[in-house]
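Enquirer: Have a look; sequence and predicted model below, questions after that.
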Amino acid sequence: MPRTSRLTEWVAFAVVMLWGLYQCFWNLAGPNVSADEPIYVDAGWDYLHGDIADNQEHPPFAKYLMGFGQLLFGQGLLTGRSVAALAAFATGVVLYFWLRREIGWVGALSAAGFWLVLPHGVITNVRLDRLALLEPFMVLFAVIAFAAVWQWFRGRPWWWLVLAGVSIAFSVTSKVSSAVLIPVLLVFVVLRRPLRRGLAGLAVFCGVGAVVGVLVYLPVGLFDSVRYMLDFQSQHDATGHLIAVAGVAYTFPPWWSNLWFWFDGMGVMPVLVLLAGTVASVFSRRWALLGMLGAAIALLLVFYLAVSDVALSHYYYAWVWLFCATAGVGVAELLRPKRRRVLLSASRIGAVLLLAVAVVCGVFTSVVIAGQRASGMALVLPELESLGIEQGDVYVAGMAPWEFVYPIEGRWTTELDDPDIVAFALKDQVRFPLDAALTAELEERAGELDRFTIDDVTLYVVRAAERPVAAG
């Protein structure tokens, strides 16, 4: 490779990776606590200290990593978020080094950049992997497993299969839905030629994966923990989960819900960039690589759209990396030299357009990250303290429990007849309509209340003359 080309590659690599570090780590402490974060962080700490009772409805490995992180860097939510962000950043690095040999550095860096720079958020954060959740770990180890199996498929040594077996075990024991991807890996292990080598490789891959999976589960009780998880997930699927999709509340959302969450969580333009790049990848005729990625996409979509009866706003994260990879292949194809000058010009314009839109979306994501702060319910107690109200209960309604349990610090109540109520903190959410008795209470006491708006929270504060004596 010419020296100028190598310099260009490493400058571009440095820019994308530094931007990715910013996206993953900057201002991690800014946003409010999100659903399940404290559960996973606390469970990880407890597991490493001998208490295995918490959160057995999900596998333990990602929580082990959060626990180890807290041993090294201090207990708390910020450490859990930092470990998850590290997993997200590592995913981008693996994508680059896996795909570089297959599609060239520009396509590989595009795939890694799409993953590291574009938004893939949920309602509480512009990037899900800035939260202490299980998905970043599930995805990281799935990507490592796919990259390792690909090396085996391309004729490289058996130890890649050991890495693949360990990695897919770590992925499934971080979140069990990753097991949907195992059939793709099995097929590409067996496709190694000659057939006897592929079958021997299959034994190595399955054996290593099974042993590692058992070892991961032993500290939390192998059979009891797995049985509890399967029973819980089966019951969860049977009873449904209340969620708002396109402004409508469902217990059993429509089949397309996770697609809606994909467009809502990433934004229309970033999704279109990935889809356009994926369409362009077909012209590359890299059938083996696209077959692996495409089969994984198909299995995940079938599972999340047709098999599972539960849809949640973060499930789409499982397939984002696959579309980033296929879109990277598409960019490489658009930039590949072609015989016809007109076709070459058109394809290069298409590649530049895709990358330019991705950069703009990445800049938007960076601006959002820089501005993230405590909001809504996290500001209710500071607002009351600024009014001189340091005691008394806050009646909460119109929101999920996790939205008030953590920021109100034990001062919340859902009982209207609580004699210590000093304020009412309300949200307007379709999943949790306000009770008629509460509306009547507010109307009846309108002259006793001062009304404030804090982001998405409406706060009614009982005036001083009407407050409980202890609250002033």
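Expert: Perfect, I can see it now. This is a predicted model, so every value here is computed, not measured.
Enquirer: Quick one: neighbours of residue 385, just the number.
Expert: 10 (other CB atoms under 10 Å). C-beta here means a position set from N, CA and C on the backbone, and glycine is covered the same way.
Enquirer: Spell out the residue ranges of the strands in the stretch 251-400 of the chain.
Expert: In the stretch 251-400 of the chain, the strands defined using DSSP state E, counting those that start in this stretch lie at 393-397.
Enquirer: give me every residue that touches residue 393.
Expert: Going by CB atoms under 8 Å, 6 or more residues apart in numbering, residue 393 touches 411, 412, 413, 418, 420, 421, 422.
Enquirer: Show me what counts as buried in stretch 265-284.
Expert: For stretch 265-284, the neighbour count (16 or more other CB atoms under 10 Å) marks 265-267, 270-271, 273-274, 276-278, 280-281, 284 as buried.
Enquirer: Return the members of the contacts of residue 393 classed as buried.
Expert: Buried among those by 16+ other CB under 10 Å: 411, 412, 413, 420, 421, 422.
Enquirer: Nearest the geometric middle of the protein, what residue?
Expert: The centre of the chain sits closest to residue 128, judged by CA atoms, centre = their mean, with a distance of 4.0 Å.
Enquirer: ok, it to residue 154 distance?
Expert: 32 Å (CB to CB, to the nearest Å).
Enquirer: What does the pLDDT read for residue 7?
Expert: Looking at residue 7, its pLDDT stands at 89.
Enquirer: Could you check how many residues crowd around it?
Expert: With other CB under 10 Å as criterion, residue 7 counts 11.
Enquirer: same thing with residue 215?
Expert: Neighbours of residue 215 using other CB under 10 Å come to 12.
Enquirer: quick one: secondary structure of it?
Expert: In terms of secondary structure, residue 215 is helix; the call rests on DSSP: H, G, I helix; E, B strand; the rest coil.
Enquirer: Provide a list of residues in contact with it.
Expert: For residue 215, the contact set (CB under 8 Å, 6+ apart) is empty.
Enquirer: returning to that earlier point: for the buried residues of stretch 265-284, which one is nearest residue 250?
Expert: Using CB to CB, residue 265 comes nearest to residue 250 of the buried residues of stretch 265-284, at 17.3 Å.
Enquirer: if you skip the residues just before and after it, what's nearest to that closest one?
Expert: residue 121 (5.0 Å; CB to CB, 6 or more residues apart in numbering).
Enquirer: In this structure the one you found contacts residue 127, no?
Expert: Yes: using CB atoms under 8 Å as the test, residue 121 is close enough to residue 127 to be in contact (5.6 Å).
Enquirer: Looking at these two, which is more packed in?
Expert: Legend: neighbour count by other CB under 10 Å for residue 121 and residue 127, higher for residue 127 (26 against 22).
Enquirer: which residues sit in contact with the more buried one?
Expert: Residue 127 neighbours (CB under 8 Å, 6+ apart): 23, 24, 88, 119, 120, 121, 365, 369.
Enquirer: next one: residue 147
Expert: Applying CB under 8 Å, 6+ apart to residue 147 gives the contacts 94, 95, 97, 98.
Enquirer: run the last query once more with 10 Å
Expert: Taking CB atoms under 10 Å, 6 or more residues apart in numbering as the criterion, residue 147 is in contact with 94, 95, 97, 98, 99, 160, 163, 164, 167, 325.
Enquirer: Run a quick neighbour tally on residue 380.
Expert: Other residues lying near residue 380 total 23 when counted by other CB under 10 Å.
Enquirer: got it, and residue 343?
Expert: 10.
Enquirer: Would you mind measuring from it to residue 275?
Expert: Distance from residue 343 to residue 275, by CB to CB: 21 Å.
Enquirer: Same question for residue 308.
Expert: Counting by CB to CB, the separation of residue 308 from residue 275 is 22 Å.
Enquirer: Might you list the low-confidence residue ranges for the stretch 101-250 of the chain?
Expert: For the stretch 101-250 of the chain, no stretch is flagged by pLDDT under 70.
Enquirer: So which residues of it form strands?
Expert: Taking DSSP E, counting those that start in this stretch as the criterion, the stretch 101-250 of the chain carries its strands at 243-245, 248-250.
Enquirer: Can you add distance to residue 237 and mean neighbour count and give the ones you listed back as a markdown table?
Expert: Shown next, in a markdown table, are these (distance: least, CB to CB, whole Å; neighbours: other CB atoms under 10 Å):
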| stretch | distance to residue 237 | mean neighbour count |
| --- | --- | --- |
| strand 243-245 | 14 | 17 |
| strand 248-250 | 14 | 14 |
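Enquirer: Let me have these in TSV, adding distance to residue 224 as columns.
Expert: As requested, those are exported to TSV (distance: least, CB to CB, whole Å):
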stretch	distance to residue 224
strand 243-245	30
strand 248-250	33
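Enquirer: Need the pLDDT of the closest residue to residue 132 other than its chain neighbours.
Expert: Nearest residue to residue 132, sequence neighbours excluded (CB to CB, 6+ apart): residue 80, at 3.2 Å. Per-residue confidence (pLDDT) for residue 80: 98.
Enquirer: which phi and psi does residue 452 have?
Expert: Here is the backbone geometry of residue 452 (degrees, to the nearest 10): phi -130, psi 150.
Enquirer: typed the wrong thing, it's residue 428
Expert: phi -110, psi 90.
Enquirer: Tell me the gap between stretch 359-370 and the middle of its chain.
Expert: For stretch 359-370, the distance from its own C-alpha centre to the chain's C-alpha centre is 17 Å (CA atoms, centre = their mean, to the nearest Å).
Enquirer: Flag every buried residue along that stretch.
Expert: Per 16+ other CB under 10 Å, stretch 359-370 contains these buried residues: 361, 362, 364, 365, 366, 369.
Enquirer: Where does pLDDT dip in the stretch 251-400 of the chain?
Expert: Counting by pLDDT under 70, the stretch 251-400 of the chain shows low-confidence ranges at 339.
Enquirer: all helices for it, in order.
Expert: Using DSSP state H, counting those that start in this stretch, the helices of the stretch 251-400 of the chain run over residues 257-266, 268-281, 287-302, 317-335, 341-371, 380-386.
Enquirer: In JSON lines, list these along with distance to residue 57.
Expert: Shown next, in JSON lines, are the helices of the stretch 251-400 of the chain (distance: least, CB to CB, whole Å):
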{"stretch": "helix 257-266", "distance to residue 57": "20"}
{"stretch": "helix 268-281", "distance to residue 57": "30"}
{"stretch": "helix 287-302", "distance to residue 57": "21"}
{"stretch": "helix 317-335", "distance to residue 57": "18"}
{"stretch": "helix 341-371", "distance to residue 57": "31"}
{"stretch": "helix 380-386", "distance to residue 57": "30"}
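Enquirer: now for the ones you listed, which one comes closest to residue 37?
Expert: Taking the helices of the stretch 251-400 of the chain one by one with CB to CB, helix 317-335 is closest: 15.0 Å.
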